[in-house]
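Trainee: sequence first, then the predicted structure:
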Amino acid sequence: MNSKLLHISTIGCQMNVYDANQIAGVLAPMGYCGTDDIASADMVIVNTCTIREKAEQKAFSFLGRLAKLKAANPAMIVAVGGCVAQQEGKAILKRMPHVDLVFGTHAIFRLPEMVRRIEASRCRIVDVRLSDTIEFDGPVAGPLADGQVSAFVTIMRGCDNFCTYCVVPHVRGREASRHPDRILDEIRMRVDQGVREVTLLGQNVNSYGNKEGLCRFYELLERVNGIDGLSRIRFTTSHPKDLSRELIDAFGRLEKLCHHMHLPVQSGDDGILKRMNRRYTRDSYLDKIERLRTTCPDIAITSDFIVGFPGETDRQFQATLDLIEKVRYDGLFAFMYSDRPSAPATAFSGKIDESVKKERLQALLALQTGITREKHQTLVGQIREVLVEGTSRSLDTDGLASVDHTIQWTGRTSSNHIVHFAVPDDQATGKELLTGAFANIMIERAHAHSLWGRLVQGPMGATPEKGEKPIAA
Ligand code: 5AD
Ligand code: SF4
């Protein structure tokens, strides 16, 4: 079989990163292997996102630029996958004559057949069928990067929540969970390949298995926790309304479960939450945060926010700022509301001016930057265990680690803080020596976006000392 070059370009969330890996996995048996050099590729796949208007624009401008490459190399197959493909379907073929294939979010496992047809007859194909069940449950997983210690594993797809601003239920379809045995098979396969940490993915992992009566999410976590060779478990995303007592308790029980919860709240005002169809209140959300912190005092909590939702008043926005001050998040993502096709809020009255949205976004981010800085400062002087992910790309301009003859490494704490540290060349001469190991790092300096420290206990991959000091809130 001739080897062919495949370039996959991914825009968007972790789900798309996972899908890109699956795409590589299903096409590998046809002889396609990955390349970073887009110009020399036999096939280019753009894996798109439509969660906000900007992401969609990015996808279309990237696709537009591919026209030139295709003109220079007419044999190249250009394919569009992901959420924009699902949403726009054959309109993409009309708008972009250089595109050969549009495949939706449920069509990944039909790709080999479609690609074969295109190779044979140069036809143009659109497949945006959505199904309510998972037709193919894998595991098919693509290649890992050299020394990759952490991998995504999708446990469910779609969403039934229909938040009024959100396009996901319309482009990813109804919620459907994978069978736990298949999930475990896939994780074991990744562990055999050298992975030490998995992140379980779904739009709302808290409702995993409910619909199918498979098992509850906390029960799945218990099973994953029992996998030999796996050291850490993360998951995302959680819907506050479905965060159960049992899942909160799991943080106190399961030793591999990382001390981090991403719990998107979107707004701190009950009226806005209601119009977003979030189905929890500010107080019930705060209650759950308190319970999480009682069960797991050093848990890091992060969130998503939307500013400028239709009708959001200054007072309602202030309620959001007030919530952020109360919770004191370890980090957050904030977005200006944007209309999405097929999302009900697009038809809501009271649209907010872009300039007001920008002001609100800046105020929110400024508040959180101060909180993050303060929380980072409290880590200075503490020893944290990190899973080493590789050599660090960012340069330490302050000099700590830029001394000659050192290698700079990056690791992640259980609470998902990224920590950089330097090790003399004579202690760790090769990249492989530390990657995938656990190391205890004394945090010495804290910046707004990064932490820097010093190795205090060798890399050995040895059982780490327990009882890290908690992150003080
Ligand atoms: N406008 C702005 N932000 C949005 N998000 C989802 N839909 C929209 C939209 N229409 C944000 C939410 C969600 C995150 C993934 O993207 O905060 O949690
Ligand atoms: Fe979108 Fe709401 Fe589902 Fe999250 S829970 S994917 S915001 S509809």
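Mentor: Perfect, thanks for sending it. Ligands and ions are numbered 1, 2, ... in the order given.
Trainee: contacting residues around whichever strand or helix holds D19?
Mentor: D19 is located in helix 14-27, with elements delineated by DSSP states H and E. Taking contacts as C-beta atoms under 8 Å, 6 or more residues apart in numbering, the residues outside helix 14-27 that touch it are 6, 8, 10, 32, 34, 43, 45, 47-49, 81-83, 105, 108-109, 111-112, 115, 138, 140-143, 152-154, 157, 172, 199, 201, 203, 236. Heads up, the C-betas are built off the backbone N, CA and C, glycines and all.
Trainee: alpha carbons of that helix, as CSV, please.
Mentor: Listed next in CSV are the C-alpha coordinates belonging to helix 14-27 (Å, rounded to 0.1, in the frame of the first residue of the first chain):
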residue,chain,number,x,y,z
GLN,A,14,-10.9,19.1,23.3
MET,A,15,-13.7,17.1,21.6
ASN,A,16,-12.3,18.2,18.3
VAL,A,17,-8.8,17.3,19.3
TYR,A,18,-10.0,13.8,20.2
ASP,A,19,-12.0,13.6,16.9
ALA,A,20,-8.9,14.6,15.0
ASN,A,21,-7.0,11.7,16.6
GLN,A,22,-9.9,9.3,15.7
ILE,A,23,-9.8,10.6,12.1
ALA,A,24,-6.1,9.8,11.9
GLY,A,25,-6.9,6.4,13.4
VAL,A,26,-9.6,5.4,10.9
LEU,A,27,-7.6,6.6,7.9
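Trainee: pull out the buried positions in that helix.
Mentor: When burial is assessed from 16 or more other C-beta atoms under 10 Å, helix 14-27 yields the following buried residues: M15, N16, Y18, D19, A20, N21, Q22, I23, A24, G25, V26, L27.
Trainee: how far away is the first one from A91?
Mentor: The reference is to M15. 23 Å (C-beta to C-beta, to the nearest Å).
Trainee: could you list the low-pLDDT ranges of this structure?
Mentor: Residue ranges of the chain with pLDDT under 70: 1, 393-405, 425-433, 457-473.
Trainee: all helices for it, in order.
Mentor: Per DSSP state H, the chain carries helices over the ranges 14-27, 53-72, 82-88, 90-95, 111-121, 168-172, 180-192, 217-225, 245-253, 270-275, 282-295, 314-327, 354-379, 431-434.
Trainee: most packed of these?
Mentor: helix 82-88 (a mean of 26; mean count of other C-beta atoms under 10 Å).
Trainee: what is the neighbour count of R216?
Mentor: Burial of R216 is recorded as 17 neighbouring residues (other C-beta atoms under 10 Å).
Trainee: leaving out the residues flanking it, which one is nearest to it?
Mentor: What sits nearest to R216 in space, not counting adjacent residues and going by C-beta to C-beta, 6 or more residues apart in numbering, is G209, at 6.1 Å.
Trainee: ok, that neighbour - contacts?
Mentor: Remark: with contacts taken as C-beta under 8 Å, 6+ apart, G209 is in contact with M156, S177, P180, C215, R216, F217, E219, L220.
Trainee: can we see that at 10 Å?
Mentor: With contacts defined as C-beta atoms under 10 Å, 6 or more residues apart in numbering, G209 is in contact with I155, M156, S177, R178, H179, P180, C215, R216, F217, E219, L220.
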